[in-house]
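**Q** Pasting a predicted model and its sequence here:
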Amino acid sequence: MNVYDGQRIATMLNKHGFEQTDILTDADIIILNTCAVREKATNKVFSALGRIRQAKKPSALFGIVGCVARETGGTAFKRIPDLNFVLGPQSYHKLPEILKNPDTKLLNIDLTGLEKFDELPQMEKSPAVAYIPIQEGCNHCCTYCIVPYTRGRELSRPFEDIIKDTIHAANTGALEICFLGQNVNGYKYTDETTGKIYRLSDLIKETAKLESIKRIRFTSSYPTEMTDDLIDIFKTEPKLLPFLNMPIQSGSQNVLTKMNRPYSLDLYIDIVDKLKSARPDIQISSDFIVGFPGETDQDFEQTMEIARKIKYINSYSFKYSPRPHTAAALMKDQIPEAIKAARLAKLDSYLNELQRAFNESCVGKTMECLCEGPDKTGNHIVYRTPYMQQCIVDAPKDMPVKQLVKIRITDANKASLRGEVIN
Ligand code: 5AD
Ligand code: SF4
């Protein structure tokens with residue numbers, strides 16, 4: 001979501017005559033686009049702001065947008081008095097107001113719903129992967145999560161608006177569409193005139209009709225929103241990639257209950273089985289939280305157990321971090337840092353092992369991959385496989401780089417694949 005927000009902010013500022021620069025001391029405006037999901041991220045934002053104010057041109061405006069802005073609100077001006085703006089994730093389209101009145105302080109952390117989507121200009125040229133948000137906010141209220149506070153209640157964008165954005169992306173260079181939402185598979189939009197209900201499966205079907213779009217994916221999915229229409233579409237729509245991020249968070253039924261994620265492990269496993277019957281080559285990725293309040297050694301072992309059972313790829317694990325405005329932060333049995341760290345190390349190391357095993361199983365296979373661009377040396381081109389693995393190939397000599405190619409995988413390690421283009 002932050003990549004999308006960043007692209008939209010850049011497009012908006014281009015229209016006001018700004019260009020992007022990587023050189024901090026050249027910038028006339030510096031915007032930190034922030035995530036508040038974990039405490040570390042919030043701390044990092046404030047130390048970065050401290051560094052920026054020392055290094056920037058004295059006349060340059062600087063501020064924060066996104067979830068940390070919403071989390072801290074006006075107190076950010078107390079911590080960094082010369083900060084110019086603080087704009088929440090649903091009000092960053094108000095940024096041009098600071099350009100009109102650079103001597104004021106701009107604070108807006110309102111939850112304005114879908115307003116920003118109507119106000120922001122379209123990108124003139126789409127990147128090869130177009131991120132298209134289909135909803136804002138989340139109604140799930142997991143007890144550890146700050147998102148319902150920072151991004152508000154869940155709202156699904158109108159079906160026609162999303163399709164309009166998708167067609168625009170397709171006509172301006174996109175080859176892959178990635179639908180985004182905190183609870184993306186909960187997408188539900190009712191057309192008031194016809195009464196017709198649109199789901200994510202309808203968006204996928206409509207998008208697949210676009211000739212220039214070759215790959216479709218979506219993230220992030222909530223397990224119990226994985227309805228049969230969506231599972232079926234993995235069977236019928238070849239443009240939908242065989243890769244799904246469906247976080248389980250914990251393998252312990254007790255912990256899931258305390259997290260307010262009221263699905264049974266059996267149900268989760270059942271959904272994975274159904275997905276595998278629909279699409280035998282599908283792979284699943286997950287997010288995990290270790291050290292949630294009250295998590296016992298046995299609970300943690302159950303998390304290891306589910307990771308062994310599902311054989312996740314491309315997964316992320318985090319130490320539980322207490323966040324303001326969340327119920328879990330007030331729970332009594334918080335876990336000591338050293339235990340959290342030890343559990344994270346164990347889980348991470350196993351997830352890495354799973355990733356290596358999957359990467360190695362790809363050697364000898366041919367996969368259609370999408371170009372991400374050259375690596376730092378310029379001698380290699382980085383591609384993404386259908387499973388979002390990085391695949392590195394030698395840069396072609398005296399030939400243009402093709403965007404979508406078939407690659408034979410020749411080598412693999414934990415982090416990436418090597419391969420050769422075969423068409
Ligand atoms: N502490 C640790 N991890 C968290 N996540 C969300 N909230 C927290 C928290 N308080 C993780 C979840 C989620 C991912 C985006 O961030 O695993 O899926
Ligand atoms: Fe947060 Fe995801 Fe739970 Fe929503 S479903 S509250 S975004 S962790």
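**A** Right, received. Where do you want to start? Remember, it's a predicted structure, so these values are computed and weren't measured experimentally. Residues are numbered from 1 along each chain as shown. Ligands and ions are numbered 1, 2, ... in the order given.
**Q** Could you export stretch 283-293 as CSV, CA atoms only?
**A** Extracted in CSV, the C-alpha atoms of stretch 283-293 (Å, rounded to 0.1, in the frame of the first residue of the first chain):
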residue,chain,number,x,y,z
GLN,A,283,2.3,-21.8,-2.9
ILE,A,284,1.3,-19.9,0.2
SER,A,285,3.1,-17.3,2.1
SER,A,286,2.3,-16.1,5.7
ASP,A,287,3.1,-13.4,8.2
PHE,A,288,3.8,-14.6,11.8
ILE,A,289,3.9,-12.8,15.1
VAL,A,290,5.9,-14.4,17.8
GLY,A,291,5.8,-13.5,21.5
PHE,A,292,2.2,-12.4,21.6
PRO,A,293,1.1,-11.7,25.2
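**Q** which of the residues in that stretch are buried?
**A** Buried residues in stretch 283-293, defined by neighbour count with 16 or more other CB atoms under 10 Å: 283, 284, 285, 286, 287, 288, 289, 290, 291, 292, 293. All C-beta atoms are positioned from the backbone trio N, CA, C, and that covers glycine.
**Q** Include pLDDT and distance to ligand 2 when you put those into JSON lines, please.
**A** Shown next, in JSON lines, are those (pLDDT from 0 to 100; distance: CB to the nearest ligand atom, whole Å):
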{"residue": "283", "pLDDT": "98", "distance to ligand 2": "21"}
{"residue": "284", "pLDDT": "98", "distance to ligand 2": "16"}
{"residue": "285", "pLDDT": "98", "distance to ligand 2": "14"}
{"residue": "286", "pLDDT": "98", "distance to ligand 2": "12"}
{"residue": "287", "pLDDT": "98", "distance to ligand 2": "8"}
{"residue": "288", "pLDDT": "98", "distance to ligand 2": "12"}
{"residue": "289", "pLDDT": "98", "distance to ligand 2": "9"}
{"residue": "290", "pLDDT": "98", "distance to ligand 2": "15"}
{"residue": "291", "pLDDT": "98", "distance to ligand 2": "16"}
{"residue": "292", "pLDDT": "98", "distance to ligand 2": "12"}
{"residue": "293", "pLDDT": "98", "distance to ligand 2": "15"}
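**Q** End to end on stretch 187-201, go ahead and measure it.
**A** Stretch 187-201 has an end-to-end distance of 9 Å (criterion: CA to CA, to the nearest Å).
**Q** Same check on stretch 221-232?
**A** End to end - CA to CA - stretch 221-232 spans 15 Å.
**Q** Grab the longest helix from this structure for me.
**A** Ranked by residue count and defined by DSSP state H, the top helix of the chain is helix 337-361.
**Q** tell me which residues of the helix or strand following it are tucked away?
**A** The helix or strand immediately downstream of helix 337-361 is strand 366-374, counting by DSSP states H and E. Using 16+ other CB under 10 Å as the burial criterion, the residues of strand 366-374 that qualify are 367, 369, 370, 371, 372.
**Q** Kindly state the neighbouring-residue count (a burial measure) for the one residue in the stretch 201-350 of the chain that gets nearest to ligand 2.
**A** Scanning the stretch 201-350 of the chain for proximity to ligand 2 using CB to the nearest ligand atom identifies residue 222 as nearest, at 5.2 Å. Counted by other CB atoms under 10 Å, the residues lying close to residue 222 total 20.
**Q** Check the secondary structure at the closest residue to residue 365 other than its chain neighbours for me.
**A** Excluding the flanking residues, the one nearest residue 365 by CB to CB, 6 or more residues apart in numbering is residue 409, at 5.4 Å. Three-state call for residue 409 (DSSP: H, G, I helix; E, B strand; the rest coil): strand.
**Q** Quick one: name the residues of this protein near ligand 1.
**A** Residues of the chain found near ligand 1, taking CB under 6 Å from any ligand atom as the criterion, are 37, 38, 144, 145, 247, 249, 287, 289, 318, 320, 321, 323.
**Q** The third one - how many residues pack around it?
**A** So that's residue 144. By the criterion of other CB under 10 Å, residue 144 has 24 neighbours.
**Q** No further queries at this time; thank you.
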